[in-house]
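> Turn this into a structure:
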Amino acid sequence: MNINETEVAELLGALSDAKAPSGFEDETLAVVREFCEGWARVDENTLRDGLITPRSFTGEKPVLMLDAHGDEVGGMVRAIHANGTMSFVELGRFSPGALDGQDVWVRATDGSWVRGVVGVKPPHFWSEAERAVGRGSLALDVGATSREDAIGRFGMGMGEPFVPATSFSFDGRTGVAHGKAFDCRAGVCAMLLALRELSGRDDLPFDVVASVSAQEEVGERGVAAAVRHFSPAVAFMFEGCPADDTFAPADEVQAALRRGPMFRYFDRCMITNPRYQRFVLRAAAEAGLSVQTSVREGGGTDGGPVHQLDVPCVVAGVPCRHVHAGTAICALEDVRTTAEVAVAVAERLTPEVVAGF
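Prediction:
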């Protein structure tokens, strides 16, 4: 599989910079459409799932569905106050304290984006109760001086989304990328690379399709519609999974940078099909590709709804440090290896093998 580092970095950067929290995945899908131009069709449903069908699709073979979710954690304006600031709800869940002082982009009612900040009440003005918990109140602030100013000058409105205003960067010398939304844009990047490679193979016993599923961060809401659309026999899921190598004891590290994708045996929404998991790990070993495995105590993925629809699936997680915050870190080599593992698995899958899962 020939993967150009510059192309991977540019694709990951475009996906990371897309402002697309749960329910507002439009900018992610715009990047996906541009990447797929000329070799695949991208349809969209009302949930904002992107449904990718390569031109090589025959309709005569069982279907292997790839999946990665296109949304990111973000927020939504709840109310506009008399002083021009706004209250908000989170779309998904940020790490505690991660939003404090975070610069953000807030979508205006005309579709443009306005710079703002999740403002923190200065400690000079904290109440005794706030001092006791060590945290002041938060307010979404674009610089308006009144409710009328926020609406009239800045275009603010109830129900409008916001995301961290982090810009992507990649250091070719170190191979490390910084950016927002690597959960799951790192997964989307790996999936698109794998899908393009597989779409050019006419020797596979499966038609390979993909979904860029919506609203994963608010309860894996979009992927079931994608499954109903494609009716796959088997699925291979991609994630930008939280790395634990900066805080877990050495013997407990299960998702570290530069060690390849992580395949989970268990999380809060799925016990991975053990026969499929063994098949994937064997395929990676045969291909000489590094992978790591985990038993997760928390978290969930699109694998949850998919396996409950009786579609066997595994989840390949690109390890990303500091997800569910304003800026994350990942190694480009892990994105590349994740795509390569998916291709190695697809090359070895047969309907008979899947029937044994």
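> For the rest of this, base every contact and every neighbour count on C-alpha atoms.
Will do.
> next one: phi and psi at the closest residue to residue 81 other than its chain neighbours?
Spatially, and ignoring its direct neighbours in sequence, residue 81 is nearest to residue 147 (5.7 Å; CA to CA, 6 or more residues apart in numbering). Taking degrees, to the nearest 10, you get phi -60, psi -40 for the backbone angles of residue 147.
> residues contacting residue 147?
Taking CA atoms under 8 Å, 6 or more residues apart in numbering, we find residue 147 in contact with 80, 81, 82, 83, 84, 85.
> what about it, distance to residue 161?
18 Å (CA to CA, to the nearest Å).
> For burial, what's the neighbour tally of residue 56?
16 (other CA atoms under 10 Å).
> What of residue 171?
The burial count for residue 171: 12, using other CA under 10 Å.
> picking up where we left off before, sort out for me which of the contacts of residue 147 are in strands.
Within the contacts of residue 147, residues falling in strands by DSSP state E are residue 80.
> Drop anything exposed from the contacts of residue 147.
80, 84, 85 (16 or more other CA atoms under 10 Å).
> Hmm, the second one is touching residue 150, no?
Yes: using CA atoms under 8 Å, residue 84 is in contact with residue 150, at 5.4 Å.
> overlap in contacts of those two?
residue 144.
> Quick check: the farthest pair among the contacts of residue 147?
Set against one another by CA to CA, these have their most distant pair in 80 and 83, with a gap of 8.3 Å.
> Kindly confirm my reading that residue 330 is in a strand.
Yes: under DSSP: H, G, I helix; E, B strand; the rest coil, residue 330 sits within a strand.
> That one - nearest residue in space that isn't next to it in sequence?
residue 320 (4.7 Å).
> Report how many residues lie close to the one you found.
Based on other CA under 10 Å, the number of other residues close to residue 320 is 29.
> still on that earlier bit, the residue nearest to residue 81 and residue 157, how far apart?
10 Å.
> mind listing the strands for the stretch 101-250 of the chain?
With strands called from DSSP state E, counting those that start in this stretch, the stretch 101-250 of the chain shows them at 103-107, 113-120, 138-141, 161-164, 169-171, 176-179, 207-213, 234-242.
> The third one packs against which elements?
Read that as strand 138-141. For strand 138-141, the packing partners by 3 or more CA pairs under 8 Å, 6 or more residues apart in numbering; DSSP states H and E come out as strand 86-91, strand 113-120.
> Please spell out which residues along the helix-or-strand element of the chain with minimal mean pLDDT are buried.
Least confident helix or strand of the chain, by mean pLDDT, DSSP states H and E, is helix 128-133 with a mean of 83. Within helix 128-133, no residue is scored as buried using 16+ other CA under 10 Å.
> Contacts for it, please.
123, 136, 137.
> of those residues, buried ones?
Counted by 16+ other CA under 10 Å, the contacts of helix 128-133 give residue 136 as buried.
> Look up how far residue 134 lies from the residue sitting furthest away from the middle of the chain.
Distance from the centre of the chain peaks at residue 128, with 39.4 Å (CA atoms, centre = their mean). With the distance defined as CA to CA, residue 128 ends up 10 Å from residue 134.
> ok, residue 42 - contacts?
32, 33, 36, 50, 51, 52, 53.
> Which of the helices or strands spans the closest residue to the second one other than its chain neighbours?
Going back to what we said before, that points to residue 33. Leaving aside its chain neighbours, residue 33 sits nearest to residue 42 (6.2 Å; criterion: CA to CA, 6+ apart). Applying DSSP states H and E as the criterion places residue 42 in strand 40-44.
> Report the mean per-residue pLDDT for that strand.
Averaging pLDDT along strand 40-44 yields 98.
> Give me the buried positions along that strand.
40, 42, 44.
> Name the residues that touch the helix or strand that it is followed by?
Going down the chain from strand 40-44, the next helix or strand is strand 50-54, by DSSP H and E. The set of residues external to strand 50-54 that reach it, using CA under 8 Å, 6+ apart, is 29, 39-45, 199, 208-214, 226.
> OK, contacts around residue 109?
By CA under 8 Å, 6+ apart, the neighbours of residue 109 are 155, 156, 157, 160.
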